[in-house]
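In: Here's my sequence, what's the structure:
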Amino acid sequence: MVAIVTVVILMISHTAAEIDARQYASFSDSYASFPPDLRRDIAHAMKSGRISKSDYSSLVRESLDDGVVLDWANEGVLDTARERARLARLIKDD
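Out: Sure, this is the predicted structure:
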């Protein structure tokens, strides 16, 4: 029973974890080309001030359904707070 609880806790903490800088950058870099519904859904996901891995997965699927392919930023993107703020500015300006 303890093993099952441990696995469930690990799964929940993983999906609730925040995405990394490159994932934020991929949204920021493509934000202007996103359809309005996807931009709205990204803004909704950012209401908590960050995007979880679970929300990211859903948003990527939505972008693919909309015909938008995200391009991962280069390896030099490391500052999650900076990339999160960049996306937040795009959302605010939208």
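
In: OK, contacts around the residue nearest the centre of the chain?
Out: Centroid-nearest residue in the chain, with CA atoms, centre = their mean: Tyr56, separated by 3.8 Å. Listed by CB atoms under 8 Å, 6 or more residues apart in numbering, the contact partners of Tyr56 are 19, 23, 45. Placement of C-beta: from N, CA and C, glycine included.

In: at 10 Å what do you get?
Out: Tyr56 is in contact with 15, 17-20, 23-24, 26-27, 42, 45, 70, counting by CB atoms under 10 Å, 6 or more residues apart in numbering.

In: For whichever strand or helix holds it, buried residues please.
Out: Taking DSSP states H and E as the definition, Tyr56 sits inside helix 53-65. Neighbour-count burial for helix 53-65 flags 55-56, 59-60, 62-63 (criterion: 16 or more other CB atoms under 10 Å).
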